[in-house]
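Chemist: build me a structure from this.
(chains A, B and C)
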Amino acid sequence: MIKHFLSLASLSQIDLIGLIDRAQYFSHQLKQPHQINPILTNKIIVNAFYEPSTRTRCSFEIAAKRLGAEVINFVPENSSVKKGETVYDTLKTLESLGVEAIVLRHSDDHIVEELRPLLKVPLINAGAGKHEHPSQGLLDLLTLVQEFKTLKGLKIAVCGDIKHSRVAGSLMVAAKIFGMEIHLCGPESLVPTPQESHIIKSDFDTVLPVVDAVMMLRIQLERHENLDLNPTTYHHQFGMNHRRQLMMKKNAIILHPGPFNRGVEISDEMVEHPQSRIFKQMNNGVASRMAILEWALNRSSL
Amino acid sequence: MIKHFLSLASLSQIDLIGLIDRAQYFSHQLKQPHQINPILTNKIIVNAFYEPSTRTRCSFEIAAKRLGAEVINFVPENSSVKKGETVYDTLKTLESLGVEAIVLRHSDDHIVEELRPLLKVPLINAGAGKHEHPSQGLLDLLTLVQEFKTLKGLKIAVCGDIKHSRVAGSLMVAAKIFGMEIHLCGPESLVPTPQESHIIKSDFDTVLPVVDAVMMLRIQLERHENLDLNPTTYHHQFGMNHRRQLMMKKNAIILHPGPFNRGVEISDEMVEHPQSRIFKQMNNGVASRMAILEWALNRSSL
Amino acid sequence: MIKHFLSLASLSQIDLIGLIDRAQYFSHQLKQPHQINPILTNKIIVNAFYEPSTRTRCSFEIAAKRLGAEVINFVPENSSVKKGETVYDTLKTLESLGVEAIVLRHSDDHIVEELRPLLKVPLINAGAGKHEHPSQGLLDLLTLVQEFKTLKGLKIAVCGDIKHSRVAGSLMVAAKIFGMEIHLCGPESLVPTPQESHIIKSDFDTVLPVVDAVMMLRIQLERHENLDLNPTTYHHQFGMNHRRQLMMKKNAIILHPGPFNRGVEISDEMVEHPQSRIFKQMNNGVASRMAILEWALNRSSL
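Modeler: Sure thing, here's the model as predicted:
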């Protein structure tokens, strides 16, 4: 059976715990002088990124290489996409070329669900649509587990453009599975109304003293051309800064999926503050994607 | 002697048979769990694609990696081409950097013939000019041999923009070498007048019941801005669809070099129809390019 | 201690001699049938090129692969740079992803000095700012050593847009270290006033008969939109051609960092003239960058 990695919502708790465990294992391994862990030797993985992304693309590429796999970068701009080819036909072409997995980033909300039953190679969601960004979700869980040993009972504030955030989407799914409480904060127009009891709409400054982690989200300026957003005002109302950090518990941590806009949703000095785990998250991204690639590729013939 | 792979026309029948045999061998190998066949270990191949192409570039890159070679992707847009460097100087630079072969795609009709005597590393035509696309030619031959065991006596209809098709060019060359009969079909303005006896201008619907294979060509809309082409009319006149498939022999096959425009030269349901070999062709592309790379690189020092 | 490779000026003479020696060693090795020299096996190097460059990027990529390393190409256009991320944050991200070195090309004059104290992985200057292009400097030194066995006492003319040339910058630094004499030639507005005694402003035709090498520089037309530059006039006044080659010593050599504009700063027939070492320089570029990567990566944990 093909093991697509499409969303945290489609995984069982057991699958997720297994993935976090393996990610933790790879995370330890990556602290040693680097060796290739030859789990995926001779396999070719294609990165098909229809939307730009430094960190996710490089992270998957590095993860694949650390497992001994080869990576092909498919760049839609330089391709037959210009000639009108559909995503399905392009991915079916890549499948026909014999690649062992397709890592997909795409803006279409429904694309992974449409492609799921049609592909014979594992499809890995590297940010498709606006619902979930499951590999980011896994690295966030890994970062929380490393910090707090457990996920159950953790309280997390998410602050910013939650409506358009697939990062928040995956975190809310994981919260339900593992018994975490999520507080949604940010501008009224960008915060959805919670549909489930573990998700609470909260005032940012009110909730700061009680949460274990704060996930700051980038205001995706390129998606809000009509939003009358003043960076200084936004920062004052919803930005992480020294004043707010002082309101947090001493062992609470600051998260951000990146890329961040210094001075907007997070002040300069908070990015590498001792309570920040932002670059740790990036580091965990490689370990998490190694776990995902292993999960999808190594067992897909069972 | 440097073994450039520039056209099927420049190869002997013995060379071509050897290439088809090796491509067949690699095709079988690719059906097994993938192993690197270390024929080109330690060699570096550069993909120099002046025109975009998903399938051909990825196909060559995968073929190279399956043989243990490393691949450098040279992207003209991001390069000194902007600074006015000629193709010759760019390729001579790549040669000086020590790459073992150059895979070239370019729009200029004469570029490979100009470069041929000047380069000291094998040059591989991955679609240069509009005369030939020899690696596509080889994979078409492989697909036909797998289907019919022999090439001699096969009748093939080619339908579409034949005048601008290097795919048709290579097929017509191969047809002469192997004794196949080619029927040219399509809009009057896009079908050239045959110059050789094995090539016949035919009415598409008339010839369909007698051919062994139909090669559908994409109307390259981006090259025909002035052509008053209505996709629906075109499909009715020259498109492959259920009505025409019923006219074909039961064991005749449908080919297309891709990318295809569903609903124009081929209907949706014909792309993955049991008589279609379109995705098989793509799969055969990797095996064929493995044979080409081996041929050009492994014996070029003899 | 992290060993950044930022400029020739920051290296000791002993370091430089060591690098030239190793580059020479790799140069000999590259003449043999290629083997991977597994000095950097399991290491991942990222090419972060904010300015386009065929030869330097491919040269570093090939050098890395010849040493067994893997290479990630980070292309700013397709990335979070669009989302407003700073260079520092991007490189810190790449560092967090666990890459072992960052090869940087950037237009900012101060970027490498700013980044130097902030990065925990070796940063390699592949052309940043307009002061130095140290890997080009090393390959020029290697080319001169191969030709003349020694550097001390060599006289070199540099002709062209010296003010905007980081190639000239590195050569002038090396000249001081190794006791070479540099003659600056070219249009008055593009030649700076020498500040040191080993650098002399000279008339091109006057100095040609006494120099051991002539380094021709490309007029970077894309940076001089307001310069009223007629290519024919320029070639007549400052171009390398048959007339000027006859004025040179018989064993003097012609250098050019490339890409060159045939007919402007160098005539067609001079590019591959027996006294030209232009393509030799490119070849030496791979050997030099192997030495640089080895220097920066292999000893950075001492």
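Chemist: what number of residues lie near the closest residue to A:P209 other than its chain neighbours?
Modeler: Distances taken as C-beta to C-beta, 6 or more residues apart in numbering or on different chains put A:M247 closest to A:P209, at 5.4 Å, once the chain neighbours are dropped. (Each C-beta comes from the backbone N, C-alpha and C, glycine too.) By other C-beta atoms under 10 Å in any protein chain shown, 14 other residues sit near A:M247.
Chemist: with the one 5 residues further on instead?
Modeler: Other residues near A:A252 come to 21 when the count uses other C-beta under 10 Å.
Chemist: gap between it and A:K149?
Modeler: As for A:A252, its distance to A:K149 is 15 Å (criterion: C-beta to C-beta, to the nearest Å).
Chemist: A:V103 too?
Modeler: From A:V103 to A:K149 the distance is 30 Å (C-beta to C-beta).
Chemist: ditto for A:S135
Modeler: 22 Å.
Chemist: of the two, who's got more company?
Modeler: Legend: neighbour count by other C-beta under 10 Å for A:S135 and A:K149, higher for A:S135 (27 against 7).
Chemist: show me what contacts A:S276?
Modeler: A:253-254, A:256, A:270 (C-beta atoms under 8 Å, 6 or more residues apart in numbering or on different chains).
Chemist: wait, I meant A:P117
Modeler: By C-beta under 8 Å, 6+ apart, A:P117 has no neighbours at all.
Chemist: same thing but 10 Å
Modeler: The neighbours of A:P117, taking C-beta atoms under 10 Å, 6 or more residues apart in numbering or on different chains as the test, are A:2, A:4.
Chemist: quick one: it from A:S96, how far?
Modeler: Separation of A:P117 from A:S96 (C-beta to C-beta): 17 Å.
Chemist: which stretches of the stretch 151-300 of chain A have low pLDDT?
Modeler: A:221-228, A:299-300 (pLDDT under 70).
Chemist: quick check: the residue of it nearest chain B.
Modeler: Going by C-beta to the nearest C-beta, chain B is nearest to A:L297 of the stretch 151-300 of chain A, at 11.2 Å.
Chemist: how many neighbours does that residue have?
Modeler: 23.
Chemist: and it, how far from chain C?
Modeler: 18 Å (C-beta to the nearest C-beta, to the nearest Å).
Chemist: one more: A:L139?
Modeler: Relative to chain C, A:L139 is positioned 11 Å away (C-beta to the nearest C-beta).
Chemist: now do the phi/psi pair for the residue nearest to A:F74 when sequence neighbours are not counted.
Modeler: In space, and not counting its chain neighbours, A:F74 is closest to A:A48: 4.6 Å by C-beta to C-beta, 6+ apart. Backbone geometry at A:A48, expressed as degrees, to the nearest 10, gives phi -110, psi 90.
Chemist: try A:I72
Modeler: Torsion angles, degrees, to the nearest 10, at A:I72: phi -110, psi 130.
Chemist: equivalent analysis for A:S53, please.
Modeler: phi -170, psi 110.
Chemist: you'd agree it is up against A:S59?
Modeler: Yes: counting by C-beta atoms under 10 Å, A:S53 does reach A:S59; the two are 9.0 Å apart.
Chemist: need the overlap of contacts for those two.
Modeler: Counting by C-beta under 10 Å, 6+ apart, the residues touching both A:S53 and A:S59 are A:A126.
Chemist: mind listing the strands for the stretch 1-150 of chain A?
Modeler: All strands of the stretch 1-150 of chain A, identified by DSSP state E, counting those that start in this stretch, fall at A:44-49, A:70-74, A:101-106, A:123-128.
Chemist: quick one: stretch A:123-133 to chain centroid distance?
Modeler: 9 Å (C-alpha atoms, centre = their mean, to the nearest Å).
Chemist: quick revisit: filter the contacts of A:S276 down to the buried ones.
Modeler: By neighbour count, with 16 or more other C-beta atoms under 10 Å in any protein chain shown, the contacts of A:S276 hold A:253-254, A:256, A:270 as buried.
Chemist: TSV for those residues, including secondary structure and distance to chain B?
Modeler: Below are the buried ones among the contacts of A:S276 laid out as TSV (DSSP: H, G, I helix; E, B strand; the rest coil; distance: C-beta to the nearest C-beta, whole Å):
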residue	secondary structure	distance to chain B
A:I253	strand	39
A:I254	strand	36
A:H256	coil	30
A:M270	helix	35
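Chemist: buried ones in the helix ranked longest in chain A, by neighbour count?
Modeler: Ranked by residue count and defined by DSSP state H, the top helix of chain A is helix A:278-298. Buried residues in helix A:278-298, counted by 16+ other C-beta under 10 Å: A:278-297.
Chemist: do you know the pLDDT at the residue nearest the centre of chain A?
Modeler: Most central in chain A under C-alpha atoms, centre = their mean is A:Q136, positioned 1.6 Å from the mean C-alpha point. At A:Q136, the predicted lDDT confidence score is 98.
Chemist: what of A:D15?
Modeler: pLDDT, A:D15: 96.
Chemist: isn't it right next to A:L8, touching?
Modeler: Yes: applying C-beta under 10 Å as the test, A:D15 and A:L8 come out as touching, 9.4 Å apart.
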